[in-house]
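Chemist: Take a look and give me a structure for this.
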Amino acid sequence: MTYEIDELTDVANAMADAARAAILPHFRRTDLVADNKLADGYDPVTVADRAAEQAMRAVLARRRPQDAIVGEEFGATEGSSGLTWVLDPIDGTRGFVSGTPTWGVLIAVGPDSGPILGIIDQPYIGERFVGSAGAAHLVGPHGSGPIRTRPPRALSAATLFTTFPEVGAAQDRAGFEAVAAKVQLVRYGMDCYAYALVAAGQVDLVIEAGLNSYDIQAPIALIEAAGGVVTDWDGKPVHQGGRVLAAANLEIHRAALDILRETA
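Modeler: This is a model prediction of the structure:
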């Protein structure tokens, strides 16, 4: 099936603009209230999360009412076009309520087989990463231009990002730690911004677990468009969520995947 990528990209950018406008007035406000979604643990949601998703849904209601929607805050809306928009209005709300600029707006669209376009937008920094149809680009404070993932390198020279132990079950940590023991540098807690850095050629690997579809579909589309690989820990499609391995290239993906399979 042929999709109107230019039209979908234009709509996605309009959604990202609307989300920025809804979110930024609330960022770093000392009176921001965060509700906890969990009875045991901490999974915050704020007025900014809800306002951003409502703003994006309003754009779709005007411009793509035939498409389905899956959003973190307001669930699923059926469509008739065969395309579904998958939205996370603020990925990294823990970071958002802490004042760190590592959260982002995630927008993806595609058929049931997976996303064909993805955006990671960081409103405060003013960076927007967009990927589709085998091409990815970044618009930010330093201008705009194409981005590509890193070329192959030894695992011992790699940089690995994760949200462990904050996100993901304790039993999944063994796989991550086995890979972490082999790389040069490990960094923690970057949420969706870590995936953007893979696409931009700054990072080699991201390993996580316990993700939902709205956490990973935009990163999948972006990283694949930039030349990378995103699968589950068995090397299978992961657009419905679960345990994720995102890699800059096939070679380093294979090296990390071999270790994850040994520890599964």
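Chemist: Got the confidence number for residue 250?
Modeler: Listed pLDDT for residue 250 reads 98.
Chemist: Now for the closest residue to residue 63 other than its chain neighbours: which residues touch it?
Modeler: Once flanking residues are discounted, residue 63 sits nearest to residue 11: 5.2 Å by Cβ to Cβ, 6 or more residues apart in numbering. No exception for glycine: its C-beta is placed from N, CA and C like everyone else's. Residue 11 makes contacts with 59-60, 63-64, as judged by Cβ atoms under 8 Å, 6 or more residues apart in numbering.
Chemist: Give me the subset of those that lies in helices.
Modeler: Residues from the contacts of residue 11 lying in helices, with DSSP state H as the criterion: 59-60, 63.
Chemist: ok, of these, which come out buried?
Modeler: 59-60 (16 or more other Cβ atoms under 10 Å).
Chemist: wait, which of the ones in helices among the contacts of residue 11 is closest to residue 87?
Modeler: residue 60 (9.0 Å; Cβ to Cβ).
Chemist: show me the contacts for that closest one.
Modeler: Residues in contact with residue 60, defined by Cβ under 8 Å, 6+ apart, are 11, 15, 67, 69, 85.
Chemist: sec struct for the fourth one, please.
Modeler: Okay, so that is residue 69. Using DSSP: H, G, I helix; E, B strand; the rest coil, the structure places residue 69 in strand.
Chemist: distance of it from residue 155?
Modeler: In this view, residue 69 and residue 155 are 39 Å apart by Cβ to Cβ, to the nearest Å.
Chemist: So for those two, which sits in the more crowded spot?
Modeler: With neighbours defined as other Cβ atoms under 10 Å, residue 69 and residue 155 compare such that residue 69 has more, 22 against 19.
Chemist: What values do phi and psi take at the nearest residue to that one once chain neighbours are set aside?
Modeler: Nearest non-adjacent residue to residue 69, counting by Cβ to Cβ, 6+ apart: residue 77, 4.3 Å away. The phi/psi pair for residue 77 (degrees, to the nearest 10) reads phi -130, psi 130.
Chemist: and residue 77, how many residues sit next to it?
Modeler: By other Cβ under 10 Å, the residues close to residue 77 number 16.
Chemist: which residue is nearest the middle of the chain?
Modeler: Taking Cα atoms, centre = their mean, the centroid of the chain lies closest to residue 219, which sits 3.9 Å from it.
Chemist: nearest residue to that residue other than its sequence neighbours?
Modeler: Excluding the flanking residues, the one nearest residue 219 by Cβ to Cβ, 6+ apart is residue 195, at 3.6 Å.
Chemist: One more: residue 123?
Modeler: Among residues not flanking residue 123 along the chain, residue 20 sits closest, at 4.0 Å (Cβ to Cβ, 6+ apart).
Chemist: After the one helix or strand the one you found maps to, which helix or strand is next?
Modeler: Assigned by DSSP states H and E, residue 20 belongs to helix 5-23. Note on helix 5-23: by DSSP H and E, the next helix or strand toward the C-terminus is strand 34-36.
Chemist: Counting by contacts, list what that next one packs against.
Modeler: Counting contacts by 3 or more Cβ pairs under 8 Å, 6 or more residues apart in numbering; DSSP states H and E, strand 34-36 is packed against strand 44-46.
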